[in-house]
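# structure for this input, please:
(chains A, B, C and D)
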There are 2 protein chains.
Amino acid sequence: MATATGPARRTPRRRQTAQARRERLTRERVLQSAIELADASGIEALSMRRLGEELGVEAMSLYTHVANKDDLLAGMIDAVFAEITPPSLEAHWKTAMRDRALSVRAALLRHPWATGLMDANAAPGEATLLHHDLVIGCLRGGGFSFAMTAHAFAVLDGYIYGFALQDRSLPFETPEETGDLAQEMLAQFPAGRFPHLAAFMVEHVLKPGYDFGDEFEFGLDLILDALERHRED
Amino acid sequence: MATATGPARRTPRRRQTAQARRERLTRERVLQSAIELADASGIEALSMRRLGEELGVEAMSLYTHVANKDDLLAGMIDAVFAEITPPSLEAHWKTAMRDRALSVRAALLRHPWATGLMDANAAPGEATLLHHDLVIGCLRGGGFSFAMTAHAFAVLDGYIYGFALQDRSLPFETPEETGDLAQEMLAQFPAGRFPHLAAFMVEHVLKPGYDFGDEFEFGLDLILDALERHRED
DNA sequence: TCATCATCCTTACGTCGTAAGCCTTATGCT
DNA sequence: AGCATAAGGCTTACGACGTAAGGATGATGA
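Here you go, the predicted structure:
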């Protein structure tokens, strides 16, 4: 043998240990697997042991690619931001911010655990910083002063994340479920204890076709229109 | 789940055992202690053992008053809602909703861990339901249709919770800290990587007197004014 | 060819939530 | 007043968690 294959850089030599080993671990693979696991089974199911299992590796092996669990979670958040289509600096600020808001919302629907992780007040990752950079650039380019940019950023992002939080905090997921759960909730208390809430449920929420998620665009446009009015303040 | 109702009241006979025992445990005392502990040391410091210690009791004794840790957390959330001054049904809807929003914000500043717990999508407690009932009543009384009430509720509460989440996710707490941290963050990447963000920091955020928390009222009034405009839609 | 070093694994520790069951003491009935 | 009951609090124990310490393996670079 002694093939002496000149190990010209990066020998793509395949490893073939006794048991066919999984592909080499990387931070990206760890993060991606963690995100898939959290998406599929909830963030509470994401333990280092379980994640290792998912990757065909022992829990401690993960620590080669991730400093600790907080680092893992921070990396996941940053990966979510990386999924978001950033606002275009060419388009009109309003449409750019609208599209971007919808993109954030879509990402948070794909990864509902993300909002819960955002209160970790850790240092934002590169994708997160880049995203914020472009949002600010978009607003500034649209004619917003620094002060108005700060205002606009606070309202818009506050609304986007808060809406996701609210959506997630609702104790029901599907419209069908809503009815039963609402009945059950109100039934625990004397009839007439929450008259306005009860009427609201009966007259609106329980009507066929209602879906809380549909509220998002109304609020978004409400805020965007209002910001347009204040743009020159 | 029916939460353990306290012991029958009957005789107020004072107990005096060998060792002066701490006051009798109640669900309220457990919840209050848990809230104090979370406020003082962060939600991650709240373990059943630690909470027991705080109350002079073993961890397992807490389970007489609380079904499990999730029930404890749900109870804490509901207690936070109970702290909020609900919207007056007499006042004009706009001022009532404004005062109430400020009251929610104040509560979330006092208990910053609350937003992180809100994605638990558990069944809301009595104080939470009552709060929502009055918010809906206030909007309906103010002339909002059911549909507009739903819209208004989603924007307002979304914004309030999202703002708190954003505030908490900032990696700095005090204005002084902001400068150092911002420098540090941007220094990790090539200069010019985040030009808009950098300019925004230098020209606005790092200017003396800036405090992110001050942004809250701008967004609140922006939304309230916009809602007023849509009230009759 | 060998030394180095990154990768992955084994073992172990302290902490967590909580199930099971015991002991003590207050309660409610006679 | 006396007693049966059950509620409140305690002890012990289990399995899962994050992760520190150090060992084994195999790829890389001299």
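# where in chain A is pLDDT low?
Applying pLDDT under 70 to chain A flags residues A:1-22.
# next, the buried residues of the longest helix along chain A.
The longest helix of chain A (DSSP state H) is helix A:146-169. Residues A:146, A:148-169 are the ones in helix A:146-169 that count as buried (16 or more other C-beta atoms under 10 Å in any protein chain shown). The C-beta positions use only the backbone N, C-alpha and C, and glycine is treated the same way.
# other SSEs contacting that helix?
The contact analysis (3 or more C-beta pairs under 8 Å, 6 or more residues apart in numbering or on different chains; DSSP states H and E) places helix A:146-169 against helix A:93-110, helix A:113-117, helix A:126-141, helix A:215-230, helix B:146-169, helix B:195-200, helix B:215-230.
# report the distance from the helix or strand just after it to the chain centre.
Using DSSP states H and E, the helix or strand that follows helix A:146-169 in sequence is helix A:175-187. Centroid separation for helix A:175-187 versus its chain: 27 Å, with C-alpha atoms, centre = their mean, to the nearest Å.
# for helix A:175-187, which positions count as buried?
By neighbour count with 16+ other C-beta under 10 Å, helix A:175-187 contains the buried residues A:178, A:182, A:185, A:186.
# off-centre distance for the strand or helix carrying residue A:71?
Counting by DSSP H and E, the element that carries residue A:71 is helix A:69-83. Helix A:69-83 sits 10 Å away from the centroid of its parent chain (C-alpha atoms, centre = their mean).
# residues in contact with it: which ones?
If you take C-beta atoms under 8 Å, 6 or more residues apart in numbering or on different chains as the criterion, helix A:69-83 is touched by A:27, A:30-32, A:34-35, A:38, A:48, A:51, A:62, A:66, A:107-108, A:110-111, A:114, A:117-118, A:120, A:122-128, A:130-131.
# just the buried residues out of the residues you listed, in ChimeraX syntax.
Buried members of the contacts of helix A:69-83, defined by 16+ other C-beta under 10 Å, are picked up in ChimeraX with:
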select /A:30,31,34,35,38,48,51,62,66,107,108,111,114,117,118,122,124,125,127,128,130,131
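# check the contacts of helix A:69-83 against chain B, which are close?
When contact is defined as C-beta under 8 Å from any C-beta of the partner chain, these meet chain B at A:118, A:120, A:122, A:123, A:124, A:126, A:130.
# I'd assumed residue B:172 was in contact with the third one.
No - taking C-beta atoms under 8 Å as the contact criterion, residue A:122 and residue B:172 are not neighbours in contact, 11.6 Å apart.
# DNA strand D next: which of the contacts of helix A:69-83 are close?
For DNA strand D, the contacts drawn from the contacts of helix A:69-83 by C-beta under 7 Å from any atom of the strand are residue A:48.
# buried residues, stretch A:223-232. List them.
Neighbour-count burial for stretch A:223-232, counted by 16+ other C-beta under 10 Å, picks out A:223, A:224, A:226, A:227.
# which residues touch the closest residue to chain B within chain A?
Here chain A gets closest to chain B at one residue, residue A:162, 2.3 Å apart by C-beta to the nearest C-beta. Applying C-beta under 8 Å, 6+ apart, we find residue A:162 in contact with B:157, B:158, B:159, B:160, B:161, B:162, B:163, B:164, B:165.
# with adjacent residues omitted, what lies nearest to it?
Spatial nearest neighbour of residue A:162, chain neighbours left out: residue B:162 (2.3 Å); criterion: C-beta to C-beta, 6 or more residues apart in numbering or on different chains.
# so residue A:155 touches residue B:221, yeah?
No - using C-beta under 8 Å, residue A:155 is not in contact with residue B:221; the gap is 10.2 Å.
# now do the contacts for the residue most central in space within chain A.
The residue lying closest to the centre of chain A (C-alpha atoms, centre = their mean) is residue A:108, at 3.3 Å. Counting by C-beta under 8 Å, 6+ apart, residue A:108 makes contact with A:80, A:114, A:115, A:160, A:161, A:164.
# excluding chain neighbours, what is closest to residue A:147?
Among residues not flanking residue A:147 along the chain, residue B:204 sits closest, at 6.7 Å (C-beta to C-beta, 6+ apart).
# now swap in residue A:111 and tell me
Leaving aside its chain neighbours, residue A:111 sits nearest to residue A:80 (5.2 Å; criterion: C-beta to C-beta, 6+ apart).
# residue contacts, residue A:54?
Residue A:54 touches A:33, A:36, A:37, counting by C-beta under 8 Å, 6+ apart.
# in strands only, show me the residues you listed.
Judged by DSSP state E, strands contain none of those.
# so which of the residues you listed are also by chain B?
Within those, nothing lies near chain B by C-beta under 8 Å from any C-beta.
# top of those by neighbour count?
Neighbour count (other C-beta atoms under 10 Å in any protein chain shown) singles out residue A:37 as the most crowded of the contacts of residue A:54, with 20 neighbours.
# can you list the residues of chain A near DNA strand C?
Checking chain A against DNA strand C by C-beta under 7 Å from any atom of the strand, the hits are A:24, A:25, A:52, A:57, A:58, A:59, A:60, A:61, A:63, A:64, A:65.
# which of the residues you listed are buried, as a PyMOL select command?
Of the residues of chain A next to DNA strand C, the buried ones go into a single PyMOL selection, burial set by 16+ other C-beta under 10 Å:
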select buried, chain A and resi 25+52+57+65
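# could I get the residues of chain A next to DNA strand C as TSV with distance to chain B?
Converted to TSV, the residues of chain A next to DNA strand C look like this (distance: C-beta to the nearest C-beta, whole Å):
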residue	distance to chain B
A:24	27
A:25	24
A:52	23
A:57	27
A:58	26
A:59	20
A:60	22
A:61	25
A:63	20
A:64	22
A:65	19
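# of the residues of chain A next to DNA strand C, which is the nearest to residue B:215?
residue A:65 (37.4 Å; C-beta to C-beta).
# fine, thanks again, bye for now.
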